[in-house]
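>>> I'd like to go over a predicted model; first the sequence, then the structure.
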Amino acid sequence: MFLMRIALPDRPGSLGSVATAMGGVGADINAVEIVEKKADGSVVDDFIVDLPTNQLPETIVTACQNLPGVRVEWIARYPEGGGLQSDLEALERMTADPGHAAETLVSLCPVVFRSHWASLLDVSDEPPRPSFSTTLAPDLTPEVAAKFAPFDSTHRTDLDADWSPGWGDTTAVVTPLTDDRVIVIGRLGGPAYLESEIARLHHLAALVK
């Protein structure tokens, strides 16, 4: 299963053309979600697709980019059964256990925000330390965690290779929950988080009590 982020013209027929191109190389579309509409008349969509076992991902990339105005921004393997969870579903799970809403949001971030990992940092004292992290999160030692500062505002940060031992170029978003806790989410290799994704994370974080 693969996650593809594709920019395409925001006009009738564009989505159908992309779907037809994917079907032409044997891809099976499981889900589509509009991520962002841009002022230049394009739209960014996320697709979750299955490919035949003998099909290389480059094949579907080429099929899509042969279409006028279509650009594949990113393709990566996606966990089986991940699905495209809505922010509403995340909110429902957070409110079901308000005492652990922060941990619930962190655990859902890899799916809801197409991230490789997420961590909850305690920034009440120096240096900052992780208090809860998803399985694939890097080892956020105090020195590494400090690279995500400042912690009092929502922002995106891009980190070069080896920012943490064994990790390559990473794009991350930091958003405060309270004065002493922040959430950090990260993608290894990209794509960079869009402003709409950053705003969604900020909104969900603001609902954590």
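Great, that's in hand.

>>> is it true that residue 68 lies in a strand?
No: according to DSSP: H, G, I helix; E, B strand; the rest coil, residue 68 belongs to no strand; its state is coil.

>>> can you report how many residues neighbour the residue nearest to residue 57 when sequence neighbours are not counted?
Using CB to CB, 6 or more residues apart in numbering and skipping residues adjacent in sequence, the residue nearest residue 57 is residue 75, 5.4 Å away. In short, each C-beta sits where N, CA and C put it, glycine included. Look at residue 75: counted by other CB atoms under 10 Å, it has 19 neighbours.

>>> where does residue 75 sit: helix, strand or coil?
strand.

>>> now the helices: where do they sit in the protein?
Counting by DSSP state H, the segments of the chain that form helices are 14-24, 57-65, 87-96, 101-112, 142-145, 195-206.

>>> can you tell which of those helices is closest to residue 188?
helix 101-112 (11.6 Å; CB to CB).

>>> how far away from the center of its chain is that closest one?
Here helix 101-112 is found 12 Å from its chain centre; the criterion is CA atoms, centre = their mean, to the nearest Å.

>>> who are the packing partners of it?
Applying 3 or more CB pairs under 8 Å, 6 or more residues apart in numbering; DSSP states H and E, one finds that helix 101-112 contacts helix 87-96, strand 117-122, strand 129-133, strand 181-188, helix 195-206.
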